[in-house]
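**Q** sharing a model prediction with you, sequence too.
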Amino acid sequence: MTLCRLSTSRSLVLSLLAAAALTACGGSGDGVDPFGSPDVTVSSLRLIGQQVLPRRLDYAGTVVGGLSGVDYDAKTDTYVFISDDRTTTDSPGAPRLYTAKLSFDATAFSSVSFTGVVNMKQPDGSVYPKVPDAKVADPESVRIDPVNGNWVWLSEGDRTLTSSPVRVINPFIREITPQGTHVREYSLPPMFQMNPLDIGPRGNLTFEGLSFSRDGQSAWVMMEGPLFQDGEPPTLTTGSLSRLTRFDRASGVANAQFVYPIDKVQAAPSPAGQFTVNGPTEILALSATRFLVLERSFSVGVVGNQVRLYEIDVANASNVLESASLTGAVPVTKRLVLDFETLKTQLGGIANLEGITFGPVLANGKRSLVVVADDNFPTADSATDRNQILVFEIQP
């Protein structure tokens, strides 16, 4: 396993040095744009390969890490990654996005080559500050707007009542140009306003996943955990409920919302009583009503993360946008597509998987799927904390 990872790191470094060849580093296939194309059916996934980035890789004077979301631009065969760098402990750099090329085909995933770095700008034109500033962002997902080509990204805000001063910062959905300049902000329903009282979103369990609809007219946003009024977070014995909200892309206003049932925590912590979490980390549209959802469980003392990929359907679910309570609401349906535990040995561990996107259509006519992990910016390597990038072939 170690030798394999050293080989992977070496190929990555070589690919970074080969700047002149970056334009040839994309996946094979015709790169069909998923938006406006036929609905996608996913019966299962076949692993093509993985790359694990070197620990705290330096690119353009930044520390590559915290990769919490990814999207694919078929027009340029380029990927956009968002980093959730929000503290000076993570790195000295400002919150940012990366562009990159991934080289893979139906048989192998050979390299990752970064091509650019973009700092997100606040509405006033300045870069985002870091903790403990009152305007700190917590980037979690990024998507390319299918209509105008701008980038839309999420921050889950902050609710840290133990800090001095306390931080109570609202989540947001903001659109920027590919150069990082602020364009506009989506309008959030009042339920998503952070509050020092036990009402509204919990800290670090707010906006986590984002996907544009297949027709490009809606943006779907997934919460990682329940609002205070919607119940307790998952435990080892019980699941929980989060909200999936649909926004009109043109106006940025919410027009529907559905209940997503979260599984219970998948592994007992060691020692008992330590921190655990489980919740959805990303969403990707398959049709007008069907989506892929990554659901990630983590427990202190357990090596790696327990991650499952579900297909959900909102077709028969209750619209709870105007509902103060979720009691009696019909949730979305869930179907297990892949339990990543089945790949744990093959991959040398499952990291904190937080981002998914379609890649190009492969030469055999099947779609590819790219999954990325957030390494949490540690200084030491581990199976739990690594920038792990996986590529799959979708079996229709």
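**A** Thanks, I have the structure now. If you're wondering where the values come from, they're calculated on a predicted model, not measured in any experiment. Numbers count the residues shown, from 1 in each chain.

**Q** and the strands in the stretch 1-150 of the chain?
**A** Applying DSSP state E, counting those that start in this stretch to the stretch 1-150 of the chain gives strands spanning 44-52, 58-59, 62-63, 67-73, 78-83, 96-104, 109-119, 139-144.

**Q** output the fifth one as CSV, nothing but the C-alphas.
**A** Translated: strand 78-83. This file holds the C-alpha atoms of strand 78-83, laid out as CSV (Å, rounded to 0.1, in the frame of the first residue of the first chain):
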residue,chain,number,x,y,z
THR,A,78,-11.2,21.0,-16.7
TYR,A,79,-12.2,20.3,-13.1
VAL,A,80,-12.9,22.9,-10.5
PHE,A,81,-12.1,22.0,-6.8
ILE,A,82,-13.1,24.1,-3.8
SER,A,83,-10.9,24.2,-0.7
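
**Q** what about that strand, distance to the chain center?
**A** Relative to its chain's centre, strand 78-83 lies at 10 Å (Cα atoms, centre = their mean, to the nearest Å).

**Q** contacting residues for the nearest residue to residue 61 once chain neighbours are set aside?
**A** Leaving aside its chain neighbours, residue 61 sits nearest to residue 93 (7.4 Å; criterion: Cβ to Cβ, 6 or more residues apart in numbering). (Glycine included, C-beta is placed from N, CA and C.) Listed by Cβ atoms under 8 Å, 6 or more residues apart in numbering, the contact set of residue 93 reads 61, 62, 63, 85.

**Q** can you check residue 276 too?
**A** Shown in contact with residue 276 (Cβ under 8 Å, 6+ apart): 234, 235, 236, 265, 267, 269, 297, 298, 299, 300.

**Q** what about the last one, how many neighbours?
**A** The criterion is other Cβ atoms under 10 Å. On that basis, residue 300 has 14 neighbouring residues.

**Q** returning to that earlier point: give me the buried subset of the contacts of residue 276.
**A** Neighbour counting by 16 or more other Cβ atoms under 10 Å classes 234, 265, 267, 269, 297, 298, 299 among the contacts of residue 276 as buried.

**Q** was I right about residue 128 contacting residue 138?
**A** No - contact between residue 128 and residue 138 fails when scored by Cβ atoms under 8 Å: they sit 9.9 Å apart.

**Q** which of those two has more residues huddled nearby?
**A** residue 138 (24 against 20).

**Q** what about stretch 62-78, how long is it end to end?
**A** Using Cα to Cα, to the nearest Å, the end-to-end distance of stretch 62-78 comes out at 19 Å.

**Q** buried stuff in that stretch?
**A** Under 16+ other Cβ under 10 Å, the buried positions of stretch 62-78 are 62-74, 77-78.

**Q** also stretch 208-215?
**A** By neighbour count on 16+ other Cβ under 10 Å, the buried set for stretch 208-215 is 208, 209, 210, 211, 212, 213, 214.

**Q** what comes into contact with the helix or strand encompassing the third one?
**A** Secondary structure here is read from DSSP states H and E; on that basis residue 210 sits in strand 207-212. Defining contact as Cβ under 8 Å, 6+ apart, one finds that strand 207-212 is touched by 35, 69, 140-143, 145-146, 152-157, 171-173, 192, 218-224, 249, 279-285, 291, 293-294, 354.

**Q** on that earlier part again, from the buried residues of stretch 208-215, pick the one nearest residue 336.
**A** Of all the buried residues of stretch 208-215, residue 336 sits closest to residue 209, with 17.5 Å by Cβ to Cβ.

**Q** what does the pLDDT read for that closest one?
**A** Turning to residue 209, the model gives it a pLDDT of 98.

**Q** from here on, call the first residue 44.
**A** Taking 44 as the first residue, the last one we looked at is residue 252.

**Q** beta partners for it?
**A** residue 265 (DSSP bridges).

**Q** before we move on, the earlier item: reformat the strands of the stretch 44-193 of the chain as CSV; add distance to residue 176 and mean pLDDT.
**A** Below are those laid out as CSV (distance: least, Cβ to Cβ, whole Å; pLDDT from 0 to 100):
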stretch, distance to residue 176, mean pLDDT
strand 87-95, 32, 98
strand 101-102, 25, 98
strand 105-106, 19, 97
strand 110-116, 20, 98
strand 121-126, 17, 98
strand 139-147, 16, 98
strand 152-162, 15, 98
strand 182-187, 15, 98
